[in-house]
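Participant: prediction below, plus the sequence it came from.
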Amino acid sequence: MAEYTGGKDIYEGELLNNERHGQGKEIKADGETYEGGWAHNMRNGYGTAILAVTDFSEEEIERLRDLDKNLESTINRDKYWDKLSEQTQARILEIRKRTKLFDRYEGEWRDNLCHGHGKAFYFNGDVYEGGWYEGKPHGHGKLCRKHGKTIETEWDAGQMKAFVKGRIGYPNGDVYEGEITLDFPDGKGVLTLADGTSYEGDFLTDGLPSGEYTVNFPNGDIYTGMVIRGIPNGNNACMTYANGDEYWGDFRNGKRSGDGMMVYHNGDMENGIWENDVLMGE
């Protein structure tokens with residue numbers, strides 16, 4: 001074991017031929033620390049890096065981000081930017097820089113870069129765990145957003161891939177599994193709500209679906225046809241009930257309404273115009 005100071009950086013750990021090699025801890029001049037494996041003066045193997053402690057409060061981060069977002073949407077952006085104090089400009093620029101960085105990384109390294117499997121805690125509150133290649137998320141990984149949305153997908157050089165199989169979890173307990181692009185549903189998949197209702201079909205974005213779907217309800221009923229924001233609404237649809245009954249016809253706001261035929265599991269049939277699940281008299 002050895003200890004030395006290189007410039008203002010401090011290293012405590014194993015050396016080989018006067019190089020950091022084996023297990024050791026480095027404290028850099030800017031406050032960043034790394035503890036773990038080393039090979040020939042570079043981070044290699046398993047280790048944990050913690051960036052310098054930030055002096056930003058969560059309230060200031062949110063305020064500066066909102067300000068920066070408003071500036072981006074303003075036509076005369078440069079004019080309003082120049083009106084900000086130099087300190088505010090510097091803090092916004094630091095926020096932009098740090099947002100793309102992680103505060104803490106735990107995992108595998110190769111030649112000073114995150115490489116292999118690891119977990120990163122980002123400055124903006126997001127957490128990523130999965131594959132890394134030469135310092136960037138790569139391969140299969142899971143991103144947990146600060147506000148609760150999780151995306152499990154494939155990555156390429158730090159970017160989420162398009163049109164791949166993935167899984168999205170929502171803060172309210174809903175889960176989507178299927179084709180996704182970036183962090184949104186995009187293609188064939190299944191959305192399962194927190195109450196157990198599931199929708200199978202083609203998706204284009206988050207939220208309750210609209211279009212042609214097969215809907216499985218928690219009570220065992222199965223609906224096939226058009227839905228609008230998750231509610232059966234369409235013509236020539238089919239509802240198969242858990243007890244074996246079947247309805248073929250029109251739905252409005254989740255109820256049998258319009259022309260339709262009910263076939264009961266005992267063989268009886270009812271055909272005609274329905275309104276709010278009731279067969280109207282002739």
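Facilitator: It's in. Numbers count the residues shown, from 1 in each chain.

Participant: go ahead and list the helix or strand containing Ala194.
Facilitator: Using DSSP states H and E, Ala194 sits in no helix or strand.

Participant: ok, now which ones touch it?
Facilitator: Asn172, Gly173, Asp174 (CB atoms under 8 Å, 6 or more residues apart in numbering). For every residue, glycine as well, the C-beta is placed using N, CA and C.

Participant: what's the neighbour count on the last one?
Facilitator: This means Asp174. 18 (other CB atoms under 10 Å).

Participant: for the second one, same thing?
Facilitator: By the criterion of other CB under 10 Å, Gly173 has 11 neighbours.

Participant: per-residue pLDDT, the closest residue to it other than its chain neighbours?
Facilitator: Distance criterion CB to CB, 6 or more residues apart in numbering; nearest residue to Gly173, sequence neighbours excluded, is Ala194 at 3.2 Å. For Ala194, the model assigns a pLDDT of 97.

Participant: repeat for Asn124
Facilitator: On the pLDDT scale, Asn124 gets 76.

Participant: surely it touches His147?
Facilitator: No. The criterion here is CB atoms under 8 Å, and Asn124 misses it with His147 at 10.5 Å.

Participant: who has more neighbours, those two?
Facilitator: For the pair Asn124 and His147, the greater number of neighbours falls to Asn124 (15 against 8), based on other CB under 10 Å.

Participant: please tell me how far that one sits from Ile61.
Facilitator: 8 Å (CB to CB, to the nearest Å).

Participant: ok, Glu86 next?
Facilitator: According to CB to CB, Glu86 and Ile61 sit 19 Å apart.

Participant: and those two? Which one has more around it.
Facilitator: Taking neighbours as other CB under 10 Å, Glu86 and Ile61 compare with Ile61 leading, 18 against 7.

Participant: before we move on, what SS does the more buried one have?
Facilitator: Under DSSP: H, G, I helix; E, B strand; the rest coil, Ile61 falls in the helix class.

Participant: who's in contact with it?
Facilitator: So Ile61 contacts Ile95, Asn124 (CB under 8 Å, 6+ apart).

Participant: neighbours around Gly234, how many?
Facilitator: A total of 19 residues lie near Gly234 under the criterion other CB under 10 Å.

Participant: tell me the phi and psi of it?
Facilitator: phi 180, psi 170 (degrees, to the nearest 10).

Participant: with that, I have no additional questions.
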